[in-house]
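next come a sequence and a model predicted from it.
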Amino acid sequence: MNLSTTRSLSLAWQYQICLGIMTGIHILGLLIQKYTGSDLVVLILPVSIFFMALFFSMWPVVVTTLLGAFMWNFFFIPPIHSFYIE
């Protein structure tokens, strides 16, 4: 993929691709969390957002970043499966 190809996609496709990437990264994070803890997931999320910002328009990346922050809070920060932070 190059910049002109992905940014020329419709916004609906960009949202779907960005949300799919973020969902895949969180599933990967849930799988590797047992072995590495949540520290590696903390490093993977900003890097993935950086690469999405290179290839997609601003608003799909902003929405995906916000959703990713809520998903990270819900699945990785204790207490797990809650939006409360200790």
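Received it, and whenever you're ready, just let me know what you need.

burial count for Y15?
Per other Cβ atoms under 10 Å, the neighbour tally for Y15 reads 18. Using the backbone N, CA and C atoms, a C-beta is placed for each residue, glycine as well.

let me see the mean pLDDT of the helix or strand it falls within.
For Y15, the host element (DSSP states H and E) is helix 11-36. In this model, helix 11-36 has an average pLDDT of 90.

can you name the next helix or strand after that helix?
Note on helix 11-36: by DSSP H and E, the next helix or strand toward the C-terminus is helix 39-55.

give me the contact list for stretch 65-73.
Applying Cβ atoms under 8 Å, 6 or more residues apart in numbering, the contact partners of stretch 65-73 are L19, M22, I25, H26, V41, V42, L45, I49, F83, I85.

nearest residue to the fourth one in space, please, no chain neighbours.
On the basis of Cβ to Cβ, 6 or more residues apart in numbering, the spatially nearest residue to H26 that is not a chain neighbour turns out to be M71, at 5.2 Å.

before we move on, the earlier item: what's the offset of the helix holding Y15 from the middle of its chain?
5 Å (Cα atoms, centre = their mean, to the nearest Å).

the residue nearest the centre of the chain: what's it in contact with?
By Cα atoms, centre = their mean, the chain has its centre lying nearest to M22, at 3.2 Å. For M22, the contacting residues are S48, T64, L67, G68, M71, by Cβ under 8 Å, 6+ apart.

related to what we said a few turns ago, quick one: buried residues of the helix holding Y15?
Residues of helix 11-36 classed as buried under the neighbour-count rule (16 or more other Cβ atoms under 10 Å) are Q14, Y15, I17, C18, I21, M22, I25, H26, G29, Q33.
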